[in-house]
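> Structure for the following, please:
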Amino acid sequence: MAGWNFFFYEAFLIPFEITALHTVLTFWRDDIPVWAVCIACVILYAAINILAVKAFGEAEFWLSGGKVILIFMLFAFTFITMVGGNPQNDVYGFRNWEDPPGAFRAYLDDGALGRFEGFLAALYGTAAFTVVGPEYISMVAAEAMRPRKYIKTAFKTVYWRFGIFFIGGALAVGIILPWNDPTLDNVVNGSSDASGTAAASPYVIAMRNLNVQVFPHIVNALLVTSIFSAGNTYTYCATRTLYGLALEGRAPKPLRFCTRNGVPLICFAITMIFPFLSFLQVGNSAAEVLTWLVNLVTAGGLIDYIIMCVTYIFFYRACKAQGVDRNEFKYTGYFQPYGAWIALIWLLHVVLCFGYTSFYPWNINSFFSTYVMVGVAPILFILWKLIKRTKFVKPHEADLVWDRPVIDAYEETFYGPPSSFWKEMLSVFTFGLLGKQPDADLRNHSIDAGASSPSRTDPEK
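All right, here's what the predicted structure looks like:
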């Protein structure tokens with residue numbers, strides 16, 4: 001159930017990103033055909049992912065670099081313009097947080113209750129959808145050269161990513177643009193020709209309001225690369241998730257087929273069916289299609305995090321029952337198992353309540369798109385238990401070793417320390433001429449010597 005839910009969660013994100021990409025592209029031309037953008041994305045995602053992990057990794061490195069540049073450019077824009085560095089010489093500061101309009105928008109009701117409902121709408125409808133990411137780091141663990149070293153380091157950056165990108169980004173948007181901006185309101189409601197154009201970005205709306213020239217084009221170009229990168233990542237992760245299900249016997253065996261480069265071709269072909277959902281824009285507004293996909297994805301993401309919490313609680317119990325000291329792990333979670341229990345209780349509350357607006361007033365379309373995954377996930381779990389007759393694993397019977405001996409043997413073949421971050425960056429920007437990584441030397445040496453290590457191309461290893 002968890003694997004299939006995660007697969008659908010990622011697969012539905014692909015058409016969401018394609019729809020968003022078309023929305024941003026209309027900054028330059030309103031007559032860009034929807035079908036052209038959809039087909040172009042499908043072809044490009046196919047080219048990048050079929051060229052195997054190396055091409056995917058290289059593409060994501062450069063595309064992700066554009067994301068980082070974009071977010072810091074927007075932070076700089078926010079600070080400079082709020083202190084008066086804009087064509088209007090307007091020192092607006094935190095004016096948009098003052099009444100009117102105020103920092104909180106009333107939603108459904110008026111007064112304090114309405115503002116609280118506005119906060120819940122932002123929490124359930126936006127934050128629950130966007131604040132994701134740690135699970136994607138784990139997706140590349142099987143193909144990382146030193147998984148215990150590099151994946152641990154990557155996970156530690158999650159806290160900073162959440163703090164800077166998500167919280168900082170939301171803060172910046174609230175500073176530069178009031179919630180009652182008419183263009184923004186039209187975009188959100190899909191109620192005018194402005195919906196789905198350049199105005200789709202609140203930063204671009206703010207730049208237009210301040211008569212800033214040129215910079216909106218730069219920001220929009222970086223937005224295009226960021227959105228394309230996100231869709232590319234979801235394509236990769238959805239393909240590998242389906243492949244993992246096949247390896248574990250939870251999907252048909254033919255899905256295990258891989259090319260010589262290690263690409264699960266059939267899994268990729270199935271995944272590429274979902275991007276065609278982006279053609280729904282042809283018959284509906286982009287805002288409406290995005291709403292459908294956001295609702296589906298949000299429910300799936302919340303269920304995934306609930307499963308993660310439950311899995312960790314069972315893992316913690318197994319460690320206790322078998323006398324395993326978690327402090328011996330390369331990375332351990334803080335405040336456990338209490339943190340997992342708190343997260344589980346809160347997530348259960350969110351997944352049950354995030355679609356409460358479907359009842360107020362009653363809206364069958366909204367209810368279906370919001371709660372369909374909430375109903376499908378437990379049904380899949382129950383059906384699997386009944387059909388396969390599986391049982392819950394007791395703490396003292398859980399397999400806490402699994403493939404660890406294989407990884408231990410693989411990592412013992414490394415003769416030098418891991419490459420530092422700056423050496424890797426130097427190697428990347430000089431195309432391997434400088435800062436060559438010891439890991440790369442070892443990989444070639446191991447292959448030549450016939451060393452035994454987990455294969456990147458053999459699905460059974």
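
> Number of residues surrounding residue 385?
The number of residues packed near residue 385 is 13, by other CB atoms under 10 Å. The C-beta positions use only the backbone N, C-alpha and C, and glycine is treated the same way.

> For the helix or strand where it lies, which residues meet the burial criterion?
Secondary structure from DSSP states H and E places residue 385 in helix 364-388. Residues of helix 364-388 classed as buried under the neighbour-count rule (16 or more other CB atoms under 10 Å) are 366, 369-371, 373-374, 376-377, 380.

> what about it, average pLDDT?
Averaging pLDDT along helix 364-388 gives 82.

> got the buried residues of helix 364-388 as JSON lines, with distance to residue 326 columns?
Formatted as JSON lines, those follow (distance: CB to CB, whole Å):
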{"residue": "366", "distance to residue 326": "43"}
{"residue": "369", "distance to residue 326": "40"}
{"residue": "370", "distance to residue 326": "37"}
{"residue": "371", "distance to residue 326": "36"}
{"residue": "373", "distance to residue 326": "32"}
{"residue": "374", "distance to residue 326": "32"}
{"residue": "376", "distance to residue 326": "34"}
{"residue": "377", "distance to residue 326": "29"}
{"residue": "380", "distance to residue 326": "31"}
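
> which helices and strands does the host helix or strand of residue 168 pack with?
Per DSSP H and E: residue 168 is located in helix 168-176. Other elements packing on helix 168-176 under the criterion 3 or more CB pairs under 8 Å, 6 or more residues apart in numbering; DSSP states H and E are helix 52-82, helix 202-209.

> ok and the helix or strand following the shortest one relative to helix 202-209, angle-wise?
Where DSSP H and E defines the elements, the next helix or strand beyond helix 202-209 is helix 215-247. Relative orientation of helix 215-247 with respect to helix 202-209: 170 degrees, computed using axes from the mean of the first three to the mean of the last three CA atoms, to 10 degrees.

> elements contacting helix 215-247?
Against helix 215-247 (3+ CB pairs under 8 Å, 6+ apart) you get helix 2-25, helix 34-50, helix 52-82, helix 134-139, helix 202-209, helix 265-271.

> Would you tell me which of those gets closest to residue 280?
Of all the helices and strands packed on helix 215-247, helix 2-25 sits nearest to residue 280, with 7.7 Å by CB to CB.

> Break the chain down into its structural domains.
2-397, 404-449 (automatic domain parsing).

> Provide a list of residues in contact with the closest residue to residue 225 other than its chain neighbours.
Excluding its sequence neighbours, the residue lying closest to residue 225 (CB to CB, 6 or more residues apart in numbering) is residue 66, at 4.3 Å. Residue 66 makes contacts with 222, 225-226, 229, as judged by CB atoms under 8 Å, 6 or more residues apart in numbering.

> Save those residues as TSV, and put in pLDDT and distance to residue 84 too.
Putting those into TSV (pLDDT from 0 to 100; distance: CB to CB, whole Å) gives the following:
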residue	pLDDT	distance to residue 84
222	84	25
225	84	31
226	84	29
229	84	34
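
> Just the closest of those residues to residue 312, please.
Using CB to CB, the contacts of residue 66 come closest to residue 312 at residue 229, 29.1 Å.

> And for the nearest residue to the closest one once chain neighbours are set aside, the neighbour number?
Computed as CB to CB, 6+ apart, the closest residue to residue 229 that is not its neighbour in sequence is residue 63, at 3.5 Å. Residue neighbour count, defined by other CB under 10 Å, stands at 18 for residue 63.

> can I assume residue 63 is in contact with residue 232?
Yes - between residue 63 and residue 232 there is a contact at 7.0 Å, judged by CB atoms under 8 Å.

> Can I take it that residue 400 is in a helix?
No - assigned with DSSP: H, G, I helix; E, B strand; the rest coil, residue 400 falls outside any helix and is coil.

> contacting residues for it?
Going by CB under 8 Å, 6+ apart, the list of residues near residue 400 reads 315, 318-319, 322, 324.

> rerun at 10 Å
Listed by CB atoms under 10 Å, 6 or more residues apart in numbering, the contact set of residue 400 reads 315, 318-319, 321-322, 324.

> With that, I have no additional questions.
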